[in-house]
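**Q** Any chance you could fold what I've pasted below:
(one chain, ligands or ions: 1)
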Amino acid sequence: MTALFPGSFDPVTLGHLDIIKRGEQMFDQIVVAVLNNPAKSPLFTVQERIGLLQEAVLGISDVRVEAYSGLLAEFAKKCGAQYILRGLRTEADGVYEISMAQANRRLMDGLETVLLVSDPAYAYMSASLIREIAAAGYADSGFDDRVLDQWVIPAVKNMLKRKYL
Ligand code: PNS
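**A** As a prediction, this is how the structure comes out:
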């Protein structure tokens, strides 16, 4: 059983990592699928996002990281994946996730989405909030960036520092 764990991962967070680790207990292999969509103007290039994810999943077996563009359902067919794995932080996430799951099942017959409820420690956090905190924080001389350690791995913190300091 192969599951895709798709997302923008701009950048990967400890919340993503928690879902990957828990998903790895449920599936034979996880393909972390990084959306390559320059139109979204991500902070990190797709190569940077993949590099950070590869570092984050070091030591977790049966997980690989790949880029995709276009339709996720087409990428699932290419990978031979029958499942999409996503984290669910809030009720608001549910609205989007349910529509995506339904659309993806129409796009590929039998493509099932499995939603894992986020650990409460990460439920309020998102990559966009992390980018916002890092951007404002590094612009402020009094910023103690150790605060970022509760949300991201050190390699991500270093990259955020390089981008924003
Ligand atoms: O991390 P995100 O931005 O919440 O992830 C959303 C993502 C990348 C999973 C979704 O936007 C996606 O798969 N986009 C690719 C295009 C596609 O297949 N869209 C239709 C999904 S129903």
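**Q** which bits of the chain sit near the ligand?
**A** Selection of the chain residues close to the ligand by CB under 6 Å from any ligand atom yields 6-8, 35, 71-72, 100, 103-104. (C-beta placed from N, C-alpha, C; glycine too.)
**Q** State the pair within the residues you listed that is farthest apart.
**A** Farthest pair in those (CB to CB) is Ser8 and Ala103. Separation: 17.5 Å.
**Q** Domain parsing of this structure, as residue ranges.
**A** As assigned by automatic domain parsing, the chain contains the domains 2-117, 127-164.
**Q** most tightly surrounded among the ones you listed?
**A** Each of those was assessed for mean neighbour count using mean count of other CB atoms under 10 Å. The highest is domain 2-117, with a mean of 17.
**Q** centre of the chain versus it, how much separation?
**A** Distance of domain 2-117 from the chain centroid (CA atoms, centre = their mean, to the nearest Å) equals 6 Å.
**Q** how long is it from one end to the other?
**A** 19 Å (CA to CA, to the nearest Å).
**Q** Now it: average pLDDT?
**A** What domain 2-117 shows for mean pLDDT is 97.
**Q** Now render the residues of the chain next to the ligand as CSV, adding secondary structure.
**A** Below are the residues of the chain next to the ligand laid out as CSV (DSSP: H, G, I helix; E, B strand; the rest coil):
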residue, secondary structure
Pro6, strand
Gly7, strand
Ser8, coil
Leu35, strand
Leu71, coil
Leu72, helix
Met100, helix
Ala103, helix
Asn104, helix
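**Q** Out of those, which is nearest to Glu91?
**A** Using CB to CB, Met100 comes nearest to Glu91 of those, at 15.4 Å.
**Q** if I look at the closest one, how far off is Pro154?
**A** As judged by CB to CB, to the nearest Å, Met100 and Pro154 stand 32 Å apart.
**Q** mind pulling up the phi and psi values for Gln29?
**A** Main-chain torsions, Gln29, degrees, to the nearest 10: phi -150, psi 150.
**Q** Report the secondary structure state of Phe27.
**A** coil.
**Q** Now the closest residue in space to it that isn't next to it in sequence, what are its backbone angles?
**A** Among residues not flanking Phe27 along the chain, Ala3 sits closest, at 4.3 Å (CB to CB, 6 or more residues apart in numbering). Backbone geometry at Ala3, expressed as degrees, to the nearest 10, gives phi -120, psi 140.
**Q** For beta bridges, what are the partners of Ala3?
**A** Counting by DSSP bridges, Ala3 forms beta bridges with Ile30, Tyr83.
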